[in-house]
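*Asks:* Sequence unavailable; structure follows:
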């Protein structure tokens, strides 16, 4: 039999097979319907895709990218449509295979597979269509977003820093003896500083993070978030910095607090003096004692106590009197505290000044502190009302003699005695600092040698502050104990001998003989004279003490040794230190130094030749003699063989020096005749072959003698404000071959002699002479024509050396281009004087210059960079009817401290709103008046504006407005100008019409008003 097999099938298996067959048949039966639905769905999907694509195309920018979801969907759609199109292209062939009304196929397997693909794609298309609607299709690119946030963060940092600096300046301006900064303000400033530091760190890392994103690396997404958050924080913190007020009132009526050295042991004396001030029984009292015992310090402590203890005085005034009592000087010091000290007031007569002072003080409850009185001060003559029980005013003075106290009609006298040992040792320790235990006994012995005198304890303690070795202290003690004392004139007082012996230790401790000589040199000036540092340096250079840098270094060392007091650009000697210096130079080491000093001695005649003919340095400055007739006769032996220095300056009445006076001074290095009434120079000056320094400034010299060309060693010549000078012979200046400093601004501005042999008659002649000075490095000069100025600025050596320039009385119709001056990188003073003529037009007109691309046009048509302009300019004066509408170019002078504009009927604005945008200042918060101290505006009938908005004036001390009727508003708000400490002088009628920024500004500045003494 054959092989037989059988299969047994259950019902379940049969069911599943039927479902499979039926399902497959369904793909065939529904093929036609599915194809139609697929084609319709494809078309809708294509339309949807096109709509989304159009949205992407319309919204995408270089800074944005499509969303990833959008890009993915579009990609899937494109792929799906491609597949669908492929299926639809096969549809015709597959339809032809159908039979039995589309329910069967000639090729079942093929039709089944096709139908299944159609069904699957139909579901896919429907699924794509059902995905969410896209409300947004693009997003900012991460790199672009980060870059934009970093840029915004940089701007926000700048704005926050500017706000912080504004708040700080407001605090600096408003904080004082009566006010202190609010704690919330200080906290905000601290937070701003921290925020700026953190934000700047992010900004520094930003470029690297942006590049990562551009390279497709998005791993730094957290950095992007940090930048965005920090930007929000910076903006929010800046908004919190809008303070209506930054300080709070804490102290009573204002007083100028003085610097005071560390002291001990003064409490009892101070309390006694304060009881006289607060009580009703004493109106005038004195404080007396030997020099250096601490009288001035005590007076300063009294002054400073008014700033810390509540009182009902209106004003506290301090004035230094000194040995050479000058009532006018006392008047000026008083008026500086209660009025408006300027040139106009200085020109008033003594009586007029006294009336002004009396008029103010008679309406106030005042305290007047007078330091260093040597004889009676006539208070009534000065204008000071005497204290009474009714006005309850007080006058306190210091003196070395109780006899002076009686002459001043003092009701009480307080004697200041040297400190006892415990107090002296405590003060000495304060000044020395840490003292090693094994050195303490030696240090105590040194302190005992100071005999309880505060000035000796402070000065010698300062000198010993850096001494750490026993040997140094032993040497100091030996020097202090071993000083020999020379005889002294009675006027210095026997009690000062011991002081000078001990103070001399500070002098002995100076580093070199050169520094010692420089210290003694300062005693040539009159008592309390404020010595300009620059002038002192010029003296020392010509005395061959050192070059400019070394001289400034010596000044610093003397200040550090407490032997000079520094006051800005000036230095001054304490009167006891000066007396000690004179004792050394004129007595103790007389043969070595050979000083003859009678400065400020009120001499009416020059001392006899025999008293000074052997001197090396002589000072007769600030006296009252009119002529010098004393002539040192030479014969066979020169009478003044060693004289190196001669000060005759500040002798206001000195008009004549006899012929022959200079003929025997062959060694003379320095001759100062400044601020005298001299009209003519003795020809013998030309025989001073060694002369290196000659100062004729502020004299009435009419011409320089041609023989002056013989001074071939002259390094310094000062002709500043020799306004009567009408003749400088040709060849004189150019022959001074060693000249390094030539100051002649304001020289010969009146009528000059015409002629080709007078270099003052023509600018080009002057320039020709100046070009011959190979060693010139400091120059101040006066130019009188535009052509001369053009020649001047074409000379490189003159550009580099110019410190001050006066452009005076240009004749004929001319145009002055301020831009010509921008290459004068060291220009500090600029004066333009047009007189009554209206022929001179002043403007800033750009020319072709290497560092600038723009040409032509004017300030309004060119962008000018502040970096290359007037960074050194400090003083600017424009006088007379110059043809100019504004002074916008002064914003190119960021360090300007003094601005004077007067007698001009054309000027309408100081800084033009329209033109300011054309000047690149590098900082949108730049303040053109940040360092301005004085602003004088006089006789400007068309002036309407100073600056378009309120500014901070942290350095401003004075504003003067006179005959400016159209100027209605000052660029001030309540935070400007030292919190209202500035003084504003103007006519009362003008002041009443001033328009204020707000009520707070008005309240701040109303007390600053000082009525003008010149009405329309």
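*Replies:* Nice, thanks for sending it over. Please read all numbers here as calculations on a predicted model, not as lab measurements.
*Asks:* pLDDT of stretch 192-209, averaged?
*Replies:* Stretch 192-209 carries an average pLDDT of 85.
*Asks:* With stretch 985-1000 instead?
*Replies:* For stretch 985-1000, mean pLDDT is 90.
*Asks:* Same check on stretch 949-957?
*Replies:* 86.
*Asks:* Need the nearest residue in space to residue 473, chain neighbours excluded.
*Replies:* Nearest non-adjacent residue to residue 473, counting by C-beta to C-beta, 6 or more residues apart in numbering: residue 442, 4.0 Å away. The way it works is simple: take the backbone N, C-alpha and C, and place the C-beta from them, glycine included.
*Asks:* quick one: what helix or strand has the one you found in it?
*Replies:* In the assignment (DSSP states H and E), residue 442 maps to helix 440-448.
*Asks:* And the contacts of that helix?
*Replies:* Residues from elsewhere that reach helix 440-448 (C-beta atoms under 8 Å, 6 or more residues apart in numbering): 421, 424-425, 428, 432, 435, 457, 460-461, 464, 470, 473-474, 476-477, 480.
*Asks:* filter the residues you listed to the buried ones?
*Replies:* The neighbour count (16 or more other C-beta atoms under 10 Å) marks 424-425, 428, 432, 435, 457, 460-461, 464, 473, 476-477, 480 as buried among the contacts of helix 440-448.
*Asks:* Adding distance to residue 881, write those residues out as CSV.
*Replies:* As requested, those are exported to CSV (distance: C-beta to C-beta, whole Å):
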residue, distance to residue 881
424, 67
425, 70
428, 65
432, 64
435, 70
457, 62
460, 62
461, 61
464, 64
473, 71
476, 68
477, 72
480, 68
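*Asks:* and which of those residues is nearest to residue 720?
*Replies:* Nearest to residue 720, judged by C-beta to C-beta, of the buried ones among the contacts of helix 440-448 is residue 460 at 41.3 Å.
*Asks:* ok, for the closest one, nearest residue in space, not its chain neighbours?
*Replies:* Ranked by C-beta to C-beta, 6+ apart and with sequence neighbours excluded, the top spatial neighbour of residue 460 is residue 505, at 5.3 Å.
*Asks:* Make sure that neighbour is actually in contact with residue 476.
*Replies:* Yes: counting by C-beta atoms under 8 Å, residue 505 touches residue 476, with 6.6 Å between them.
*Asks:* what is in contact with these two at once?
*Replies:* Contact criterion C-beta under 8 Å, 6+ apart; residues shared by residue 505 and residue 476: residue 460.
*Asks:* Tell me where the model's unsure across the stretch 751-900 of the chain.
*Replies:* Within the stretch 751-900 of the chain, the segments meeting pLDDT under 70 span 809-815, 835-868.
*Asks:* nope, the stretch 501-650 of the chain is what I meant
*Replies:* Looking at the stretch 501-650 of the chain by pLDDT under 70, you get 502, 631-638.
*Asks:* quick one: the helices in it?
*Replies:* Taking DSSP state H, counting those that start in this stretch as the test, the helices found in the stretch 501-650 of the chain are 513-521, 533-542, 548-560, 575-583, 590-593.
*Asks:* May I see those helices organised as TSV, with distance to residue 324 and mean neighbour count added?
*Replies:* Output for the helices of the stretch 501-650 of the chain, formatted as TSV (distance: least, C-beta to C-beta, whole Å; neighbours: other C-beta atoms under 10 Å):
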stretch	distance to residue 324	mean neighbour count
helix 513-521	19	19
helix 533-542	20	21
helix 548-560	23	16
helix 575-583	11	24
helix 590-593	22	14
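*Asks:* so can I have TSV of those helices showing distance to residue 366?
*Replies:* Shown next, in TSV, are the helices of the stretch 501-650 of the chain (distance: least, C-beta to C-beta, whole Å):
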stretch	distance to residue 366
helix 513-521	38
helix 533-542	34
helix 548-560	33
helix 575-583	25
helix 590-593	45
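*Asks:* Relative to residue 928, which of the ones you listed is closest?
*Replies:* Judged by C-beta to C-beta, the one of the helices of the stretch 501-650 of the chain that comes nearest to residue 928 is helix 533-542, at 26.4 Å.
*Asks:* Please list the residues outside the closest one that contact it.
*Replies:* 518, 521-522, 546-548, 551-552, 554-555, 569-571, 645, 669-670, 692-693, 715-716, 740-741.
*Asks:* from the middle of its chain, how far away would that helix be?
*Replies:* With C-alpha atoms, centre = their mean, to the nearest Å as the basis, helix 533-542 stands 24 Å off its chain's centre.
*Asks:* Likewise for stretch 395-406?
*Replies:* With C-alpha atoms, centre = their mean, you get 41 Å for stretch 395-406.
*Asks:* follow-up on the earlier one: and the residue nearest to residue 460, what does it touch?
*Replies:* Counting by C-beta under 8 Å, 6+ apart, residue 505 touches 459-460, 463, 476, 479-480.
*Asks:* and which of these is nearest to residue 623?
*Replies:* Taking C-beta to C-beta as the measure, residue 623 lies nearest residue 459 of the contacts of residue 505, at 30.1 Å.
*Asks:* Secondary structure element holding residue 954?
*Replies:* Following DSSP H and E, there is no helix or strand that holds residue 954.
*Asks:* Low-confidence ranges, the stretch 101-250 of the chain, go.
*Replies:* 101-103, 105-107, 132, 137-142, 175-179, 213, 215-221, 249-250.
*Asks:* what ranges do the strands span in it?
*Replies:* 104-105, 138-140, 179-181, 247-249 (DSSP state E, counting those that start in this stretch).
*Asks:* Give me the buried positions along stretch 397-415.
*Replies:* By 16+ other C-beta under 10 Å, the buried positions in stretch 397-415 come out as 397-401, 404-405, 408, 410, 412-414.
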